[in-house]
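1. Following is a predicted model, sequence given first.
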There are 2 protein chains.
Amino acid sequence: MMNISFPDGAVRSYEKGTTALDIAKSISEGLARKVLVASVNNKVVDATLPIEEDAEIKFLTWDSEEGKNTFWHSTAHLMAEAIEAIFPGVKFWVGPALEKGFYYDMDLGDRKITEEDLLAIEKKMVELAKQNNAFIRKPISKNEAIEYFTSKGDEYKLDLLGNLADGNITLYTQGAFTDLCRGPHLPQTGFIKALKLTNIAGAYWKGDEKNKMLTRLYGVSFPAQKELDEYLLMLEEAKKRDHRKLGKELGIYTTNDDIGQGLILWMPNGTVIIEELEKLAKETENAAGYKRVVTPHIAKESLYLTSGHLPYYADSMFPPMEMDGEKYYLKAMNCPHHHKIFDAEPKSYRDMPYRIAEYGTCYRYEQSGELFGLMRVRCLHMNDAHIYCTKEQFMQEFKAVNDMYVKYFKIFGIDKYVMRLSLHDPEKLGQKYVNEPALWLETEALVRNVLIETGVPFVEVKGEGAFYGPKIDVQIWSAIGREFTLATNQVDFAQPRSFNLSFTNKDNEPEIPLIIHRAPLGTHERFIGFLLEHYAGKFPVWIAPLQVKVLPISDKFLDYALDVMQQLRNAGVRVEIDDRQEKIGRKIRDTELQRVPYMLVVGEKEMNEQQVSVRRQGKGDLGSVTLLEFIEKIKEEIQERKSGE
Amino acid sequence: MMNISFPDGAVRSYEKGTTALDIAKSISEGLARKVLVASVNNKVVDATLPIEEDAEIKFLTWDSEEGKNTFWHSTAHLMAEAIEAIFPGVKFWVGPALEKGFYYDMDLGDRKITEEDLLAIEKKMVELAKQNNAFIRKPISKNEAIEYFTSKGDEYKLDLLGNLADGNITLYTQGAFTDLCRGPHLPQTGFIKALKLTNIAGAYWKGDEKNKMLTRLYGVSFPAQKELDEYLLMLEEAKKRDHRKLGKELGIYTTNDDIGQGLILWMPNGTVIIEELEKLAKETENAAGYKRVVTPHIAKESLYLTSGHLPYYADSMFPPMEMDGEKYYLKAMNCPHHHKIFDAEPKSYRDMPYRIAEYGTCYRYEQSGELFGLMRVRCLHMNDAHIYCTKEQFMQEFKAVNDMYVKYFKIFGIDKYVMRLSLHDPEKLGQKYVNEPALWLETEALVRNVLIETGVPFVEVKGEGAFYGPKIDVQIWSAIGREFTLATNQVDFAQPRSFNLSFTNKDNEPEIPLIIHRAPLGTHERFIGFLLEHYAGKFPVWIAPLQVKVLPISDKFLDYALDVMQQLRNAGVRVEIDDRQEKIGRKIRDTELQRVPYMLVVGEKEMNEQQVSVRRQGKGDLGSVTLLEFIEKIKEEIQERKSGE
């Protein structure tokens, strides 16, 4: 017998060789139907793998990241099986799970996959899924494996085998298809209830353009048809809301070849949004006791050697400029500059916490192929701040930052979010992570406690911390359910040491502060990209580039329309007039396209009664009110940053 | 006889060979006493030089730049005469006039000049000035000149002679001193009524550190003792108001070796000033119909090749970063980025004038020896904007910009200013200036007309235009009478062509716009440096980093003091409390040093009557008022940006 411990602390006894799936069945058939894969002693394995010793066990379902990964990776195998049935002789390279879905790279020889082929493959996949074949794992010696793939003439799998150690090699078979794979996989193909092949692309073997071009086939799959339908609907809606399309249509941003890829030029309408976001941030940070600073965009090499960014982060920085015999770098982050400001005047415990904020502009090198609209850029305007505090102050400060996130989410109508607590990986101390094991554990515990106390939803992930301490990445979902990783909130116990930062404590001794790095609104680039999709370009009034358009029915009412515009402008409203010689219907349609929140139609009746006829974007006619009433109403809507729902 | 024309258009006839000085005397003895040098047919020459043909003549006095230059250069000769008398065998290199004063570089052999020597030289100079010796000009052939200086053993003047063409060489003698010099000079040494030697420094011969170190002696001189006294007083006051000293004391800015020279880190107090300036600029520009944009700090080489900055301006730019096989440069100006925004969407006459503004951050390479506090830096935050307009709109737009300058001057209490209209030099077309002679003349005339029409004080200077068009540099004087070149206002007819910018005019034809480059508040760096001196760190309330400090007389009144602080904060006032356990006298003294405009002292009486006892920085006790009265008063002072005088 062996003892199996469950996440709730319960321990039960089972025969050795029992599988996670059997254990699930022993609890309930309903649970067993949902188990995709299992965590056994913190290792993710097939749910059908016999367990031979005492173990901590966790059932992983569709709700877990590992469950989804396994689901999609198994669907990649299913796709390969279908393709092999339709295109005999095809050779496969690798087929990983993605953030959403999967792909498989393959060598089809001279053949090309057409749209009809895709449908045929999908059909075959559905058929094979219904067969509900088991995924069967088979450990194999390296020699046997080489013999097997040599006999198949599969140079790709032989290449993969070259990098694998004997004793660690497994094959997986479902139905008629066998693949070299470390797993894990679903118990059977029948778990896959709904699927869709989404894209065909070319991909050089091993990403090297000197190699052969392989065919990459993308797909996505779900445990129920409803989920696939929802996903496809979301994709369709996301296409309509594509921030690149809206960004151009609404005059938000542009780029230019002579300036460079990934370098955003913010047009007047985008700049209004930037300024409203900065105003919000400044108000919020001012109320929370932050001071503001302004720092240059470059610094000498020595600064980044001190911070450790250069050895750890060089690939993501722009190349240096050589001047006066020194190397200058564009800053990829604001922290080292801020540390120098902290250090410019002596600090005592009376100065702590010392909170300094800056919408700092950073430059990061991204491969040109990775650049994407506002989402992946090379110049970022970051809602940055650094809080230098004592260990005693840390909990309260970190909690205040978390509260600020939640406050922002409310303003922007972000209902769904998760804080992703990224921890260090003890095996990579000294490489990816500063080699301070005790400090890692201590600060990770502090952060975890804050998250538990504040009751925000969070998950923990090992091996994704910043190099100087644990971090929280904030994932948010847009109105149409697309996920964005936006903001970050990090603890840093390493840089205060490397920069020799200290304050004089109450005992008149020098003491090293902790630093919190935080950026609740992320970068203007990514956040405005998110907002474009989230609002489908229909911004709430307070942040809309143009808030009101006055539409005179004819030239006869132009004077009154101008008067209306002037009064609104005096009240601080962003307003324009449509004084073209066009029919009112045309003016309304054009203004709708510009996504202006309010249209004020003015004609004979409105002029005589000092009224305006109000149309709300997307809601149509709201009837007539006096101009003064409208001004009061819109001022309140702006002041309170109402969402407009 | 010859005809002499005067600036007022009058023409008179004189004997050939008459000098400008004689002509002045023929008009009035009073005038002649003021003539330092003369402009004859647009060439500046000795007033004592015989005129041999018809000429346009202008008498240049102390009020002109050329008059001052000649005065100071002649004083350099006077100093050399005195030094030669005291240190026989001294050899002189060059002795030019400066913006304020003069210097002379000399080789004293092994001798050093001491403080006592300085007094002796000054005394000797006064004595020689009183001799009222004439400056006598003598043309000399190159051979004779070489012979003369060879016999004197003066290798420095021989070196200078090497670069001079025969026929163009003159000696000047006053009293016992003869120098190789192209002149011009004062008529006699007696014009120099007051002088002061200000500084001794070392300077490598020809600025090359491999050469011998020469002694550089600086001085300044005036036509009257009163002017010297005023100047020395101003220098003393300027020292107290030194922006580098105040900048540190008041926590305005700092720099750091690891970041780099000339790269300003704006501390929290400096950032408040920056934000108030930007708020002022945004309000002003918004009311004037500008839109705002945000652009990156880098661009590809091709952008600066198009703009022409790279060939014309490469020395002032930072070196490039090589990335993805391209060169990227830090921007030294915002214009090319703005042109790309103008060009991003098609424009029609309805969009003109198109005014876009940005507090853009530019990077300019300055020699490290040239860097100076906030005045000469490598990173500049510029109050930039570009106005794209039609030729018909130009006058009105340019005038509106000028009016904006004057509006700002009023806010900052700048009473003395001059607009310096810098024109092209026809001889340098195609080198320093875009080769468009007709466009130069046309736009220069347009700009001159605006200046004449608006009636602002202005001077014209040839050969100082921007390379793309005429410009106006604005010179302002601080409260203590020191001159600063601050802002700029330029016309550009060249870049619209090189960037292929156009709009569709009313005839449905493409038309090239004119561009106005303007920066009334200059750069944050230079303007805040100016303001520190101008206000001696005692900023008006609206822009003061800290506006109010609440000083409780003892801990008993701390609660009331906190209440006062909170009410002020709610009213948007920047306020802190001095809650230290110190006597009230000490609190007042410390707050005075911080230059906080208002101190509110609160004790028993104030608490009981809900009052505050008001002290105004520099003015002392203003008596008690209710807190509400004080809040109303300070809100008004802030709102109206009162100067506080």
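-> All right, it came through fine.
2. who's in contact with the residue of the stretch 1-150 of chain A found nearest chain B?
-> Distances between the stretch 1-150 of chain A and chain B by C-beta to the nearest C-beta are smallest at A:Asp105, namely 25.8 Å. For the C-beta atoms, the positions are set from N, CA and C on the backbone; glycine is no exception. For A:Asp105, the contacting residues are A:92-95, A:203, A:205, A:214-216, by C-beta atoms under 8 Å, 6 or more residues apart in numbering or on different chains.
3. Now that we have these, which of them are buried?
-> Buried members of the contacts of A:Asp105, counted by 16 or more other C-beta atoms under 10 Å in any protein chain shown: A:92-95, A:205, A:214-216.
4. helices or strands next to the worst-scoring helix or strand of chain A on mean pLDDT in the packing?
-> One helix or strand of chain A scores below all others by mean pLDDT, DSSP states H and E: helix A:309-313, with a mean of 81. Counting by 3 or more C-beta pairs under 8 Å, 6 or more residues apart in numbering or on different chains; DSSP states H and E, the packing neighbours recorded for helix A:309-313 are helix A:301-307.
5. what about dumping the CA coordinates of the helix it packs on to PDB?
-> C-alpha atoms of helix A:301-307 as PDB (Å, rounded to 0.1, in the frame of the first residue of the first chain):
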ATOM      1  CA  GLU A 301      27.100  51.600 -19.100                       C
ATOM      2  CA  SER A 302      28.300  51.700 -15.500                       C
ATOM      3  CA  LEU A 303      24.700  52.300 -14.300                       C
ATOM      4  CA  TYR A 304      23.500  49.100 -15.800                       C
ATOM      5  CA  LEU A 305      26.500  47.200 -14.700                       C
ATOM      6  CA  THR A 306      25.600  48.200 -11.100                       C
ATOM      7  CA  SER A 307      21.900  47.400 -11.600                       C
END
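6. can that helix be found next to chain B?
-> Yes: Helix A:301-307 is in contact with chain B by C-beta under 8 Å from any C-beta of the partner chain, via A:302-303, A:306.
7. Looking at these, state which has the most neighbours.
-> A:Leu303 (24 neighbours; other C-beta atoms under 10 Å in any protein chain shown).
8. Name the nearest residue to the closest residue to chain B within the stretch 501-645 of chain A, ignoring sequence neighbours.
-> Closest approach between the stretch 501-645 of chain A and chain B, counting by C-beta to the nearest C-beta: A:His524, at 8.1 Å. Closest residue to A:His524 apart from its sequence neighbours, by C-beta to C-beta, 6 or more residues apart in numbering or on different chains: A:His381 at 4.1 Å.
9. ok, now A:Arg448?
-> In this structure, A:Arg448 finds its nearest non-sequential neighbour in A:Leu421, 6.6 Å apart by C-beta to C-beta, 6+ apart.
10. A:Ala571 now?
-> With sequence-adjacent residues excluded and distances taken as C-beta to C-beta, 6+ apart, A:Ala571 is closest to A:Ile631, at 5.1 Å.
11. sorry, back to before: from the residues of helix A:301-307 next to chain B, pick the one nearest A:Ser316.
-> A:Leu303 (15.8 Å; C-beta to C-beta).
12. give me every residue that touches the closest one.
-> The contact partners of A:Leu303, taken as C-beta under 8 Å, 6+ apart, are A:336-337, A:340, B:258-259.
13. between the residues you listed, which has the most around it?
-> Using other C-beta under 10 Å as the neighbour criterion, A:His337 leads the contacts of A:Leu303 with 28 neighbours.
14. what's near enough to touch that one?
-> By C-beta under 8 Å, 6+ apart, the neighbours of A:His337 are A:295-296, A:299, A:303, A:331, A:360, B:259, B:265.
15. Would you map the helices across the stretch 351-500 of chain A?
-> For the stretch 351-500 of chain A, the helices defined by DSSP state H, counting those that start in this stretch occupy A:391-411, A:437-454, A:495-498.
16. What is the shortest one packed up against?
-> Helix A:495-498 sits against helix A:301-307, helix A:335-342, strand A:514-519, with contacts defined as 3+ C-beta pairs under 8 Å, 6+ apart.
17. Take the ones you listed and lay them out in CSV including mean pLDDT.
-> Output for the helices and strands packed on helix A:495-498, formatted as CSV (pLDDT from 0 to 100):
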stretch, mean pLDDT
helix A:301-307, 94
helix A:335-342, 97
strand A:514-519, 95
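18. Can you add distance to A:Ala224 and give those back as TSV?
-> Output for the helices and strands packed on helix A:495-498, formatted as TSV (distance: least, C-beta to C-beta, whole Å):
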stretch	distance to A:Ala224
helix A:301-307	49
helix A:335-342	45
strand A:514-519	37
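19. related to what we said a few turns ago, so in that sheet, which strands flank the helix or strand hosting the residue of the stretch 1-150 of chain A closest to chain B, and in what orientation?
-> Per DSSP states H and E, A:Asp105 falls inside strand A:101-107. Paired neighbours of strand A:101-107 in the sheet (DSSP bridges): strand A:91-92 (antiparallel), strand A:97-98 (antiparallel), strand A:213-222 (antiparallel).
20. Could you export those as TSV, including mean pLDDT?
-> Below are the strands paired with strand A:101-107 laid out as TSV (pLDDT from 0 to 100):
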stretch	mean pLDDT
strand A:91-92	96
strand A:97-98	95
strand A:213-222	96
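21. Output those in JSON lines, with distance to B:Ile512 appended to each entry.
-> Below are these laid out as JSON lines (distance: least, C-beta to C-beta, whole Å):
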{"stretch": "strand A:91-92", "distance to B:Ile512": "60"}
{"stretch": "strand A:97-98", "distance to B:Ile512": "51"}
{"stretch": "strand A:213-222", "distance to B:Ile512": "47"}
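22. okay, now the residue of the stretch 501-645 of chain A closest to chain B: neighbour count?
-> Neighbour number of A:His524 under other C-beta under 10 Å is 27.
23. same thing with A:Gly618?
-> A:Gly618 has 11 neighbours, counted by other C-beta under 10 Å.
24. Now do the SS call for the closest residue to it other than its chain neighbours.
-> Closest residue to A:Gly618 apart from its sequence neighbours, by C-beta to C-beta, 6+ apart: A:Lys538 at 6.1 Å. The three-state label given to A:Lys538 by DSSP: H, G, I helix; E, B strand; the rest coil is coil.
25. just checking, A:Lys538 touches A:Gln617?
-> Yes: applying C-beta atoms under 8 Å, one finds A:Lys538 in contact with A:Gln617, separated by 5.9 Å.
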